[in-house]
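# sequence and predicted structure are below.
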Amino acid sequence: MNSDETISWGELLEATAIDLGNEQEARWLCEHASGLDRTEFDLALSDLVSERCGLALQKLVGRRLAGEPLQYVMSRWAFRHLDVLVDQRVLIPRPETELVVQVAIDLMRDAQQKIDRKLRITDLGTGSGVIGLAIASELPLASAEVWLTDLSDDALDVARANLAGLGLVDGDVRIAQGDWFSALPSELKNSFDLVVSNPPYIALYDPNIESIVRNYEPHLALFAGSDGLDAYRQIISQAGQWLVSGGWLVLEIGHEQGAEIHTLLNENNFRDIEIREDYSQRDRIALARKN
Ligand SMILES: C[S@@+](CC[C@H](N)C(=O)[O-])C[C@H]1O[C@@H](n2cnc3c(N)ncnc32)[C@H](O)[C@@H]1O
């Protein structure tokens, strides 16, 4: 790949697609290195590439060829209508999680019809903040107080940066560090309309985990004990103390965990328990209400 101001963006795009063996990724990385959006980049295809942009692209392509996930190389990813910062401090947001958010928003829109106060919501293990921030930005302005929590200070720095980019009403989103519910002020017990979480759910020695995931994503975001259920046990056993009566617990789950999560919810006295599927018809979302 050449970057000495004698090559146009169109030529460099073609060369990058060959290097990466992927036209779409080449396009995203070229747009990213040029600082242009898709439309601007189309108009710049015959412009010569500056040395600075050529070197920036070279670095990005090098990282990608070394095996780093595209989302980390780009430092950003789309989630529902948000464009969020992501890097190795946080899990890469997955499309299945967008469905979890949809379920949560539908439940909260319905709850809003029945109460005349602000909703209170927490996203436990928020990582980049995508679940809580998407909910906060899709519900009517100033209609909910959303608490984003994580054990990882690094992850919360990313969530904070993503919050800053959204222009939400002051005070509508709060950020708190700690182990699951212990991040929250104790006076908020029995006051949440929704507890939503995509906790770590991979078993420690799961042989099926892809190496790109194991090598790049934070292990605190992935692994949850020898059977992958440790985080669910903690969240499900404590959620009843934090929800209002009739409040909802919505969890993203591993596709083979539906039956176990159903049992855990049942044992902890939840009602209206449902396990829903994702785009691939695999169990992915558990929802239930506090009695
Ligand atoms: C699977 S990631 C989910 C991240 C984000 N919510 C998403 O859906 O993309 C799980 C998150 O839980 C956090 N976490 C792990 N153990 C925790 C604990 N004991 N208390 C609070 N958060 C924890 C991790 O740091 C990570 O950000």
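Great, that's in hand. Numbers count the residues shown, from 1 in each chain.
# burial check on Ala142, number of neighbours?
13 (other C-beta atoms under 10 Å). Every residue, glycine included, has its C-beta placed from N, CA and C.
# mind listing what it touches?
By C-beta atoms under 8 Å, 6 or more residues apart in numbering, Ala142 lies in contact with 118, 169, 172.
# and for Phe79?
Counting by C-beta under 8 Å, 6+ apart, Phe79 makes contact with 93, 97-98, 128, 130, 134.
# can you select the buried ones from the residues you listed in PyMOL?
In PyMOL, a selection of the buried entries from the contacts of Phe79 looks like this (16 or more other C-beta atoms under 10 Å):
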select buried, resi 93+97+98+128+130+134
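# switch the contacts of Phe79 over to TSV; also include secondary structure, pLDDT and distance to the ligand.
Compiled in TSV, the contacts of Phe79 are given as follows (DSSP: H, G, I helix; E, B strand; the rest coil; pLDDT from 0 to 100; distance: C-beta to the nearest ligand atom, whole Å):
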residue	secondary structure	pLDDT	distance to the ligand
Pro93	coil	98	4
Thr97	helix	98	4
Glu98	helix	98	10
Ser128	coil	98	6
Val130	helix	98	5
Ala134	helix	97	10
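# which two of the contacts of Phe79 have the greatest separation?
The most widely separated members of these, counting by C-beta to C-beta, are Glu98 and Ser128 (13.1 Å).
# quick check: which helices or strands does the host helix or strand of Ile135 pack against?
For Ile135, the host element (DSSP states H and E) is helix 130-138. When contacts are defined as 3 or more C-beta pairs under 8 Å, 6 or more residues apart in numbering; DSSP states H and E, helix 130-138 sits against strand 82-85, helix 95-114, strand 119-124, strand 144-150, helix 153-164, strand 173-177, strand 192-197.
# mind putting the contacts of Phe79 into JSON lines with distance to Pro69?
Converted to JSON lines, the contacts of Phe79 look like this (distance: C-beta to C-beta, whole Å):
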{"residue": "Pro93", "distance to Pro69": "12"}
{"residue": "Thr97", "distance to Pro69": "16"}
{"residue": "Glu98", "distance to Pro69": "18"}
{"residue": "Ser128", "distance to Pro69": "13"}
{"residue": "Val130", "distance to Pro69": "16"}
{"residue": "Ala134", "distance to Pro69": "21"}
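# now, which of the contacts of Phe79 sits nearest Ile275?
Nearest to Ile275 among the contacts of Phe79, with distances taken as C-beta to C-beta, is Thr97, at 16.1 Å.
# please verify my assumption that the closest one contacts Asn198.
Yes. Using C-beta atoms under 8 Å, Thr97 is in contact with Asn198, at 5.4 Å.
# any residues in contact with both of those two?
If you check Thr97 and Asn198 against C-beta under 8 Å, 6+ apart, the residues they both contact are 131, 252.
# pLDDT weak spots in the protein?
Low-confidence segments of the chain (pLDDT under 70): 1-5, 170.
# show me where it has helices.
Secondary structure of the chain by DSSP state H: the helices cover 9-20, 23-34, 38-43, 51-65, 70-74, 95-114, 130-138, 153-164, 211-216, 219-222, 230-239, 258-267.
# need the contact partners of the fifth one.
With contact meaning C-beta under 8 Å, 6+ apart, helix 70-74 is reached by 25, 28-29, 32, 60, 63-64, 77, 86-88, 92, 216.
# run the last query once more with 10 Å
Helix 70-74 has contacts (C-beta atoms under 10 Å, 6 or more residues apart in numbering) with 20, 22, 24-25, 28-29, 31-32, 59-66, 77-78, 84-93, 128, 216-217.
# and that helix, what's buried?
Buried residues in helix 70-74, counted by 16+ other C-beta under 10 Å: 70-74.
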